[in-house]
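Novice: Dropping the sequence and predicted coords here.
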Amino acid sequence: MLATVLASFVIVALLFTGMAIGAILANKPVKGSCGGLAALGMKDGCEICGGDKDACDENTRQVNAQRAAELGRDVLKT
């Protein structure tokens, strides 16, 4: 029982270490979302909407409409 718990802990620790090394080697900044930045009052950091909540909402509507159209086409093909 103790060996199983210890082995599980070691495996999880190795996975976390691997993800941390991958994040460091990728050398990319952590990205947020429009809603998250707007909720904090930092509106000018989003690459998509540039801080404009209406542009972010419009982009979300367009993406959702495009996904719905793709799903509709997939349903008709099968």
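Specialist: Arrived safely, thanks for sending. Numbering: from 1, shown residues only.
Novice: Let me see the ranges of the helices in the chain.
Specialist: In the chain, the segments counted as helices under DSSP state H are 2-26, 34-39, 53-77.
Novice: okay, those helices, which one's buried deepest?
Specialist: Mean neighbour count (mean count of other CB atoms under 10 Å) peaks for helix 34-39 among the helices of the chain, with a mean of 16. For glycine as for every other residue, the C-beta is placed from the backbone atoms N, C-alpha and C.
Novice: for the protein, which spans come out with low pLDDT?
Specialist: Counting by pLDDT under 70, the ranges of the chain that qualify are 30-53, 73-78.
Novice: The same query, at a cut-off of 50, please.
Specialist: Counting by pLDDT under 50, the chain shows low-confidence ranges at 78.
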